[in-house]
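A.B. asks: Pasted the sequence and its predicted model underneath.
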Protein chains: 2
Amino acid sequence: MAHLRIALAQTNPVVGDLSANSAKLLDWTRQAAAGGAHLAVFTEMFVTGYPVEDLALRSSFVDASLATLEQAAARLAEEGFGELPVVVGYLDRADLAPRVGRPKGAPLNAAALLHRGRVVIRTAKHHLQNYGVFDEYRYFVRGDRLPVFRLHGVDVAIAVCEDLWQEGGPVAVVAQAGAGLLVVPNASPYEREKDDVRLELVARRAREAGCALAYVNQVGGQDDLVFDGDSIVVDADGELVARAAQFREELLLVDLDLPAADRVADPVADRVADREPGRTAYDAGDGSTITVERSVLSSEPVTIGSPLTPSIAPRLDDLAEVYSALVLAVRDYVAKNGFTSAILALSGGIDSALTATIASDAIGPERVHVVMMPSRHSSEHSVIDAEELVRRQGVNPHLVPINGIVTAFEKEMELTGLAAENLQARVRGQVLMGLSNEHGHLVLTTGNKSELATGYSTLYGDSAGGFAPIKDVPKTMVWELSRWRNAHTDGWFRMDVARPIPEHSITKEPSAELRPDQCDTDSLPPYEVLDRLLDDYVEKDLGPADLIAAGHDPGLVARVIRLVDLAEHKRRQYPPGPKITAKNFGRDRRVPITNRWREST
Amino acid sequence: MAHLRIALAQTNPVVGDLSANSAKLLDWTRQAAAGGAHLAVFTEMFVTGYPVEDLALRSSFVDASLATLEQAAARLAEEGFGELPVVVGYLDRADLAPRVGRPKGAPLNAAALLHRGRVVIRTAKHHLQNYGVFDEYRYFVRGDRLPVFRLHGVDVAIAVCEDLWQEGGPVAVVAQAGAGLLVVPNASPYEREKDDVRLELVARRAREAGCALAYVNQVGGQDDLVFDGDSIVVDADGELVARAAQFREELLLVDLDLPAADRVADPVADRVADREPGRTAYDAGDGSTITVERSVLSSEPVTIGSPLTPSIAPRLDDLAEVYSALVLAVRDYVAKNGFTSAILALSGGIDSALTATIASDAIGPERVHVVMMPSRHSSEHSVIDAEELVRRQGVNPHLVPINGIVTAFEKEMELTGLAAENLQARVRGQVLMGLSNEHGHLVLTTGNKSELATGYSTLYGDSAGGFAPIKDVPKTMVWELSRWRNAHTDGWFRMDVARPIPEHSITKEPSAELRPDQCDTDSLPPYEVLDRLLDDYVEKDLGPADLIAAGHDPGLVARVIRLVDLAEHKRRQYPPGPKITAKNFGRDRRVPITNRWREST
């Protein structure tokens, strides 16, 4: 039996800020060394951040990734950490000629091992994710290796992210190659109820590979994705050994008892097999061949003087997870895009109340501006509820009455019905944008997923803004999250206020207040009914026959499908916002605008 | 030597309207039969339209495609066209179990041969396009066959679209399989200067395959893509035999002298080889195996009584192509989305003048509404130029002064500088949206690509709208197209007006007129300089070092890169518009909004 202390660097990189990411690599490696780690593992494409989308196709960007990696390796050694091996994801390129169908420059979603000032191992993701929110066939060519390096007498293999999820490929040959530990840098975004799937998968792959497995995940917001951390270490039986927190950066140190390498530290054995030092080709079970590349850093075992107590972070429940995801997404969107404050319209309704609360928890209420814009149709309680929220949270209130502006428009144009309702919403959107342009606030859009699905929003009106925190949250969950937040607080929220949301905003009947005595249920079914139907149509992709078989009202099915299909043009112009469900609009669900497909019931 | 008359059905399907597409299949097959054709070939996924995006992942949609195909085959026979074989693209599914990484339902981008009321051959695209505007790994699994059917003594092979473009796969085994004709349904979108590449490719593949090749392309607009038709027939030497028009539907009838099949019409020969009737497996050169599936429709040769004169449509020049693409895109976006009219802001400047002209040519000036919205900064000539355009084209003019509205906003909020300029632009956007909501017009956005690239537009202001006809047209080309249109007219334009654009709109210095005496060159370099730089940065993806090496001013390079990078959030909320360049914003160029990458010069 041999021992290793490994450090899982569950970090929040910034896409495109290679020098900041590199500085963090050094800083966290320093901490890992101070903690006595023998190996530090960072996340997928940590050097560049993930996902970088078309930046992967720019040769100057790949050059920068490669240069940053080399410089980081040298810098680590200069600072005295050269003996601590570091596994880190970066962007590389394969030496392949241009060809139609091959991504320009043949980029690789790569991982390196840095040691003694040099990049000593390079490998790349074999299974490219090309479903859901991922488009990796657009960006990368496949890797074809499994590196196995001996560290203090333990054989450690490296694979990247999706190679865990799909059958065959590098992970499938780990058992044959005989590793004692498999380390896997990841950038796996949050979605509800994905959690147990991840642990089950990691445990299953560990058992298949016959070795311990360290799964290191990115944390942080990146446009419409939120990475949740939740890094996991399991033993060779798939039993959970350690787990990092969700939605927070964490350097997780874990002591592992691992099998000593059962072969002599001599690549000659392999050389006999295929005449190439340290290399053996395996059939990877998916029609491809994976080359195992062995190397030796050190064969001397180490002892661990004072073993650490294994750290297993407590799991968040469903609503805590979602709320945390939204807070982190807003915080990172604001910070990473260089904003220092946010602004939103506060109507007194629950959507804007929850959005304001998320913003206050994300960046602090002193940096949140709320604008009350009463019209002739605003009820008295709207203003009271909005003012009550301001009082509870301490956000910055602004009052801009819109009646005069609406009247000025009406003098020039005759608008009736929906056009007149939209006018009010657009005047409000325009007031927000004006204040944003004048003062540099990020405009937060307050629409929820049920609204976005059915098109119950006004283009350039309530849909105006730079980031939409609850766009993937169904209305029924808006209420659940509001109740949850009123019952909880958390040390990492920037607003230390209990019950920040006025109860009346949660309990009153929802209304857009765009005409006298308007209620959402005038034109929509109750949200409990609507959200179940939307979930089945949008997220589960059921056709009308299956929706009716699932118990939905046939008339409602026809009406809601039509609403959803006709609103695609609005969704295309909606700001980004954090994905929390299995299928968000935009990255996950991509349908044509010009689309005559109307499923008949 | 044998003979065939083939009909290339260069058609404009509607995505999702399976019954309309099916009706067109019948109608055009009738015309092909009336023209004496022995074989009709329709376009890629004609039954569903192309691209269908995530609709491919819905089982009810695949079911509908399959049912429509079977019904179409039966209907053709009922109507008396059962003896005319029809090749048509449709959406199918493979019989593959679900697996992580495999598109849900295993859809196939398929092509069928319909004959005597039945679907007698099914095949599918092998090379999936996953670059540029395409994401086919997301939607499809690979086909693995090359069907070869004998028709009047000629062996005819079928391949689909991208299989022509990439090396290896079905097209690579045509020569070995020994076909006399290869027919290829396509849906290949227009982009500038792609034209000759296509003919060269088709000619090269014909020579490699040693047989004639009929390339049948879709025509029509679909969101941000415009399919240009331009179907091509070459002989086995790669010499052009016939070519259809660009940007128009056309049934192209072509008489071909083809080699009689050199093998007996008896699958027994193959049966000996691999014990499966009519099937032979070939190494396809790209690591895959392609199964050639032979069948026989008829071995009797035909004679052609009065041969047709080969039809080779004249080629459009560069500007005629682009202008035609824009007109077709607008016409189809309006019609396929159920609009009957369009509205746009007419400023007197060249962008809105060209957009109005395209709209008039697309749907007729009587269905085009233009709104003049002078502000305190509008120059006198702006109004004169706008009125002159109305007079020349006969579009419907509206006048909505915005001073009163702007003043009403200013009473409630203090806005300065850019925020005040944006206010005017947003009031105009809001007026357009109000008129659109009230009267059902499609709002056309008038911004050009140079503006979109640098972010010189106002979110929800001049960028408001449902479709943006010139969003992929650089400013310098806006002038070129305007001059071109003033010098040309065309029978398929719906406005029969010479010189529809006032000369002063073309020749005057460009200005947004958002502050007194403003000129675009106050804040931007001359457009000739800017557009060359944008082309190198955006379309060619050059980094700053390469841009400077290419002769661009270093200070300007740094400034323009920064402008382009910081405007990504605006582009995400811009309406769709037709792609005409090698890299449009949106589908072709996908970069993160949250992106700290700033290339240093």
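C.D. replies: Perfect, I can see it now.

A.B. asks: doesn't A:Ile290 make contact with A:Arg279?
C.D. replies: No: if you go by CB atoms under 8 Å, A:Arg279 and A:Ile290 don't touch, sitting 10.8 Å apart. (Each C-beta comes from the backbone N, C-alpha and C, glycine too.)

A.B. asks: Give me the more crowded residue out of the two.
C.D. replies: A:Ile290 (28 against 16; other CB atoms under 10 Å in any protein chain shown).

A.B. asks: so who does the nearest residue to the more buried one once chain neighbours are set aside touch?
C.D. replies: Sequence neighbours aside, A:Ala284 is the residue nearest to A:Ile290 in space, at 4.1 Å (criterion: CB to CB, 6 or more residues apart in numbering or on different chains). By CB atoms under 8 Å, 6 or more residues apart in numbering or on different chains, the contact list for A:Ala284 reads A:126, A:168-170, A:172-173, A:290.

A.B. asks: Equivalent analysis for A:Arg122, please.
C.D. replies: Listed by CB under 8 Å, 6+ apart, the contact set of A:Arg122 reads A:92, A:110-112, A:147.

A.B. asks: Quick check: helices, which of these are part of them?
C.D. replies: Among these, no member is found in helices (DSSP state H).

A.B. asks: which among the residues you listed gets closest to chain B?
C.D. replies: A:Asp92 (16.8 Å; CB to the nearest CB).

A.B. asks: Hmm, that closest one is touching A:Ala110, no?
C.D. replies: Yes: assessed by CB under 8 Å, A:Asp92 is found in contact with A:Ala110 at 3.7 Å.

A.B. asks: Name the residues contacting each of those two.
C.D. replies: A:122, A:124.

A.B. asks: and the gap between the residue nearest the centre of chain A and A:Ser450?
C.D. replies: Closest to where the C-alpha atoms of chain A average out (CA atoms, centre = their mean) is A:Val226, at 2.3 Å. Distance, A:Val226 to A:Ser450, using CB to CB, to the nearest Å: 20 Å.

A.B. asks: Three-state assignment for the residue nearest to the centre of chain A, please.
C.D. replies: strand (DSSP: H, G, I helix; E, B strand; the rest coil).

A.B. asks: Excluding chain neighbours, give the residue nearest to A:Ser59 in space.
C.D. replies: A:Ser59 sits nearest to A:Gly105 (CB to CB, 6+ apart), 5.4 Å away.

A.B. asks: which SS state does that neighbour fall under?
C.D. replies: A:Gly105 is classified as coil under three-state DSSP.

A.B. asks: ok, now which ones touch it?
C.D. replies: A:56-59, A:62, A:93.

A.B. asks: so which of the residues you listed is the most crowded?
C.D. replies: A:Ala56 (24 neighbours).

A.B. asks: Can you give me the pLDDT of it?
C.D. replies: Listed pLDDT for A:Ala56 reads 97.

A.B. asks: what separates it from chain B, distance-wise?
C.D. replies: Distance of A:Ala56 to chain B, computed by CB to the nearest CB, to the nearest Å: 10 Å.

A.B. asks: Return the residues in contact with the residue lying closest to A:Ala498 once chain neighbours are set aside.
C.D. replies: In this structure, A:Ala498 finds its nearest non-sequential neighbour in A:Thr489, 5.9 Å apart by CB to CB, 6+ apart. Residues near A:Thr489 by CB under 8 Å, 6+ apart: A:496-498.

A.B. asks: are any of these buried, and which?
C.D. replies: A:Val497 (16 or more other CB atoms under 10 Å in any protein chain shown).

A.B. asks: ok, which residues in the stretch 151-300 of chain A are in contact with chain B?
C.D. replies: Neighbours of chain B within the stretch 151-300 of chain A, by CB under 8 Å from any CB of the partner chain: A:162, A:165-167, A:221-223.

A.B. asks: JSON lines for the residues you listed, including secondary structure, neighbour count and pLDDT?
C.D. replies: Compiled in JSON lines, these are given as follows (DSSP: H, G, I helix; E, B strand; the rest coil; neighbours: other CB atoms under 10 Å in any protein chain shown; pLDDT from 0 to 100):
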{"residue": "A:Glu162", "secondary structure": "helix", "neighbour count": "25", "pLDDT": "93"}
{"residue": "A:Trp165", "secondary structure": "helix", "neighbour count": "18", "pLDDT": "92"}
{"residue": "A:Gln166", "secondary structure": "coil", "neighbour count": "18", "pLDDT": "92"}
{"residue": "A:Glu167", "secondary structure": "coil", "neighbour count": "14", "pLDDT": "91"}
{"residue": "A:Gly221", "secondary structure": "strand", "neighbour count": "28", "pLDDT": "98"}
{"residue": "A:Gln222", "secondary structure": "strand", "neighbour count": "28", "pLDDT": "98"}
{"residue": "A:Asp223", "secondary structure": "coil", "neighbour count": "27", "pLDDT": "98"}
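
A.B. asks: quick revisit: so how far is A:Val171 from the residue nearest to A:Ile290?
C.D. replies: 9 Å.

A.B. asks: picking that back up, which among the residues of the stretch 151-300 of chain A next to chain B gets closest to A:Leu328?
C.D. replies: The closest of these to A:Leu328 turns out to be A:Gly221 (CB to CB; 5.5 Å).

A.B. asks: That closest one against A:Leu328, yeah?
C.D. replies: Yes: with contact defined as CB under 8 Å, A:Gly221 reaches A:Leu328; the gap is 5.5 Å.

A.B. asks: anything in contact with each of the two?
C.D. replies: Common neighbours of A:Gly221 and A:Leu328 (CB under 8 Å, 6+ apart) do not exist.

A.B. asks: ok so A:Glu509 is a helix residue?
C.D. replies: No: with three-state DSSP as the criterion, A:Glu509 is assigned coil and is not in a helix.

A.B. asks: re the thing from before, which pLDDT does the model give the residue nearest to A:Ile290?
C.D. replies: 89.

A.B. asks: rewinding a little: JSON lines for the contacts of A:Gly105, including secondary structure?
C.D. replies: Listed next are those as JSON lines, based on three-state DSSP:
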{"residue": "A:Ala56", "secondary structure": "helix"}
{"residue": "A:Leu57", "secondary structure": "helix"}
{"residue": "A:Arg58", "secondary structure": "coil"}
{"residue": "A:Ser59", "secondary structure": "helix"}
{"residue": "A:Val62", "secondary structure": "helix"}
{"residue": "A:Arg93", "secondary structure": "strand"}
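
A.B. asks: Closest one of these to chain B?
C.D. replies: A:Arg58 (5.2 Å).

A.B. asks: show me what contacts that closest one?
C.D. replies: A:Arg58 makes contacts with A:105, B:541, B:543, as judged by CB under 8 Å, 6+ apart.

A.B. asks: mind redoing it with 6 Å?
C.D. replies: B:Asp541 (CB atoms under 6 Å, 6 or more residues apart in numbering or on different chains).

A.B. asks: What residues does the stretch 301-450 of chain A have near chain B?
C.D. replies: A:336-337, A:400, A:404-405, A:408-409, A:412-413, A:415, A:418-419, A:422-423, A:426, A:430, A:434, A:437-438 (CB under 6 Å from any CB of the partner chain).

A.B. asks: Which helix in chain A has the most residues?
C.D. replies: Longest helix in chain A, counting by DSSP H: helix A:417-439.

A.B. asks: Tell me which residues of that helix come out buried.
C.D. replies: A:419-438.

A.B. asks: likewise stretch A:204-215?
C.D. replies: A:205-207, A:209-215.

A.B. asks: quick one: contacts of it?
C.D. replies: Contacts for stretch A:204-215 (CB under 6 Å, 6+ apart): A:6, A:8, A:164, A:171, A:174-175, A:179-184, A:202, A:231-236, A:238, A:256.

A.B. asks: distance of A:Pro502 from chain B?
C.D. replies: A:Pro502 sits 26 Å away from chain B, going by CB to the nearest CB.

A.B. asks: now do A:Ala244
C.D. replies: 23 Å.

A.B. asks: Just confirm that residue contacts A:Leu253, I think it does.
C.D. replies: No: the pair A:Ala244 / A:Leu253 is not scored as a contact, 10.3 Å apart, by CB atoms under 6 Å.
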